[in-house]
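Participant: here you go, sequence then predicted model.
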Amino acid sequence: MTIVLREGPLRSEPSETLDPQNWDDVRAQGHRMLDDMLDYIANIRERPVWSPIPDHVRARFRAELPRQSSDLGEVYREFADHVVPYATGNVHPGFMGWVHGGGTAVGMLAEMMAAGLNANLGGRDHMPVEVERQVVEWTRSMFGFPDEASGIFVTGTSMANLMAVLVARTAALGQPVRQHGIGNEGALLTAYTSKAAHGCITKAMDIAGFGSNALRSIAVDQFHRIDVAALRAQISADREAGLKPFLVVASAGTVDIGAIDDLAALSALCREQKLWFHVDGAYGALGILAPALAPRLAGIENADSIALDFHKWGQVPYDAGFLLVRDGRQHRDAFSAPAAYLRRETRGLAAGSQWPCDLGPDLSRGFRALKTWFTLKTYGTEKLGAVIARTCALAGYLEARILAEPQLELLAPVQLNIVCFRYRAADANEVNGNIVVDIQESGIAAPSTTVLDGQLAIRAAIVNHRTDTCDIDALISAVLEFGAQRSNSGAGVVVNVEPSPPLAM
Ligand SMILES: *Cc1c(COP(=O)(O)O)cnc(C)c1O
């Protein structure tokens, strides 16, 4: 058979690929970019933590769709001049807002190589999938899960928690739920978490079709740990009312103050009551790598599933969320779906089943595993554990400084790496809200806020491996300085202090 090449517009021209005409130019430009980004990380202390985006900069990014080509160097200038100076700031050691990891140069380089390979980790037989399986295996062993456990990278813990709810749902109702929906029986299922749990668990119950009312929000003790007796009482009351409790979501590191639920007590309760035991360990679960913290997570090894983020305490660049499930079969039962175009073979590129797409909603998936593999191998878990322990020591240092300053008041017990406090003032909520915004705008540090018992707290979450005592000292000086200004003048920005569910990214 002869293949006739058509003349005319469909004819392929080498100049129409997206590869450069001159690789040397791209190579030189690439080296410049790489050097700039390494300098950015190395010299991050010289920059403000965060800078408000000027109107003219924001306006540049309301441009028309580019129809014509531009020079790569010019496009890069736009990025360097208008994006880089106005990033979130979490690379900076003065960033203490929400719960953000600091990233590393190693993670950045791995991300570049992952993009070069352009691997799709939905499935098929290639080494990138084996790299993900390696990290799954390492994570399994970190938490003492059995050999038949399974795991998968996802965007973040919000997604991992949602997937855990779906696995627990399929385990409770059986696989027909995937054809029929939750139905009348599913409408009776109830789940349990504490009042201090992250808002994404409520969202997961909503998205999974149970509705957020099917999630019971249980009281916490003074350390923000779930009240296990109250949980037990609510489960009994629900059973008596004809409902079907199926899931308990524990927190290992609450987002507002870093509390760890009594995981051993919860795992025993779940075993006795035959409930799925899921742990939201978004940032706290990796505390397992720090010998001083690991005992506080006792019981996590009995979980049915754990959600965690390598992009928080693990310092892997965004995003690198992860779901670990004790029983790999139950995990697969919740998500795998046959399709002719995803047919598996025993040899060739379509071999290597099961595929990651059998374990979650995504088919096309990036190579998040590579930056995590590089991070774990390059630093080793002992060093990563030491970094985690150090953030807690710095939180202790911040606590001591607060207790020594008569103008400052601690608002919650410091349990891990999060410190909530405030400046004493007559109109404390307004003054402290203003102090936080003033400090963010000054570029000195970036704390965030939370509301504890109606009191607006300045919240410092020490997550970044670069943060040091000088950054804590700078935060304290800034709070005292802006606090004095704000409580004298009383004027300034109005900050919304309505109590709202804590949220961290
Ligand atoms: C950050 C966090 C989440 C959400 O995780 P994402 O990775 O932002 O989706 C959930 N729970 C807790 C306790 C968190 O700290």
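Facilitator: Perfect, I can see it now. Note that this is a predicted model, so its numbers are computed, not measured. Numbers count the residues shown, from 1 in each chain.
Participant: can you map out the strands along the stretch 151-300 of the chain?
Facilitator: With strands called from DSSP state E, counting those that start in this stretch, the stretch 151-300 of the chain shows them at 189-194, 215-218, 244-251, 276-280.
Participant: what do you get for the chain?
Facilitator: Here the chain has its strands, by DSSP state E, at 150-154, 189-194, 215-218, 244-251, 276-280, 305-309, 321-325, 408-410, 418-423, 448-452, 455-461.
Participant: and those strands, which is most packed in?
Facilitator: Neighbour counts (mean count of other Cβ atoms under 10 Å) averaged over each of the strands of the chain peak at strand 305-309, with a mean of 30. Bear in mind the C-beta positions are built from the backbone N, C-alpha and C, glycine included.
Participant: only C-alpha atoms, please: export that strand in PDB.
Facilitator: As requested, the backbone C-alpha atoms of strand 305-309 are provided in PDB (Å, rounded to 0.1, in the frame of the first residue of the first chain):
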ATOM      1  CA  SER A 305      -7.100   5.300  55.800                       C
ATOM      2  CA  ILE A 306      -4.800   8.300  56.300                       C
ATOM      3  CA  ALA A 307      -4.800  11.500  54.300                       C
ATOM      4  CA  LEU A 308      -1.600  13.600  54.300                       C
ATOM      5  CA  ASP A 309       0.200  16.300  52.500                       C
END
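Participant: the helix of greatest length in the chain - contacts with which helices or strands?
Facilitator: Longest among the helix segments of the chain by residue count, using DSSP state H, is helix 368-404. Applying 3 or more Cβ pairs under 8 Å, 6 or more residues apart in numbering; DSSP states H and E, one finds that helix 368-404 contacts helix 105-117, helix 127-142, strand 150-154, strand 408-410, strand 418-423, helix 469-489.
Participant: per-domain residue ranges of this protein.
Facilitator: 22-109+380-505, 119-366 (automatic domain parsing).
Participant: with distance to the ligand and mean pLDDT as added columns, please give those domains in CSV.
Facilitator: Formatted as CSV, the domains of the chain follow (distance: least, Cβ to the nearest ligand atom, whole Å; pLDDT from 0 to 100):
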stretch, distance to the ligand, mean pLDDT
domain 22-109+380-505, 4, 93
domain 119-366, 2, 97
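Participant: those: which one's closest to residue 16?
Facilitator: domain 22-109+380-505 (11.9 Å; Cβ to Cβ).
Participant: how far away from the center of its chain is the closest one?
Facilitator: With Cα atoms, centre = their mean, to the nearest Å as the basis, domain 22-109+380-505 stands 16 Å off its chain's centre.
Participant: please identify the most buried of the domains of the chain.
Facilitator: It is domain 119-366: most buried of the domains of the chain by mean count of other Cβ under 10 Å, with a mean of 20.
Participant: that one: how far from the chain's middle?
Facilitator: Counting by Cα atoms, centre = their mean, domain 119-366 is centred 14 Å from the centre of its parent chain.
Participant: what does stretch 364-378 give?
Facilitator: 15 Å.
Participant: returning to that earlier point: would you turn the domains of the chain into JSON lines with distance to residue 373?
Facilitator: Below are those laid out as JSON lines (distance: least, Cβ to Cβ, whole Å):
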{"stretch": "domain 22-109+380-505", "distance to residue 373": "10"}
{"stretch": "domain 119-366", "distance to residue 373": "5"}
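Participant: about what we covered before: residue 394 is nearest to which of the strands of the stretch 151-300 of the chain?
Facilitator: So among the strands of the stretch 151-300 of the chain, strand 244-251 is nearest, using Cβ to Cβ, at 21.9 Å.
Participant: and the angle from that closest one to strand 189-194?
Facilitator: For strand 244-251 against strand 189-194, the angle by axes from the mean of the first three to the mean of the last three Cα atoms, to 10 degrees is 20 degrees.
Participant: need the residues that contact strand 244-251.
Facilitator: 161, 164-165, 168-169, 172, 185, 188-194, 196-198, 201, 226, 231, 235, 238-239, 259-261, 263, 266, 269-270, 273, 275-280, 284, 303 (Cβ atoms under 8 Å, 6 or more residues apart in numbering).
Participant: residue 351: what's it in contact with?
Facilitator: Taking Cβ under 8 Å, 6+ apart as the test, what residue 351 contacts is 124, 125, 344, 345.
Participant: now it: how far from residue 129?
Facilitator: 11 Å (Cβ to Cβ, to the nearest Å).
Participant: likewise residue 288?
Facilitator: 25 Å.
Participant: likewise residue 414?
Facilitator: In terms of Cβ to Cβ, residue 414 sits 42 Å off from residue 129.
Participant: and if you look at residue 380?
Facilitator: Distance from residue 380 to residue 129, by Cβ to Cβ: 24 Å.
Participant: can you check residue 118 too?
Facilitator: Distance from residue 118 to residue 129, by Cβ to Cβ: 14 Å.
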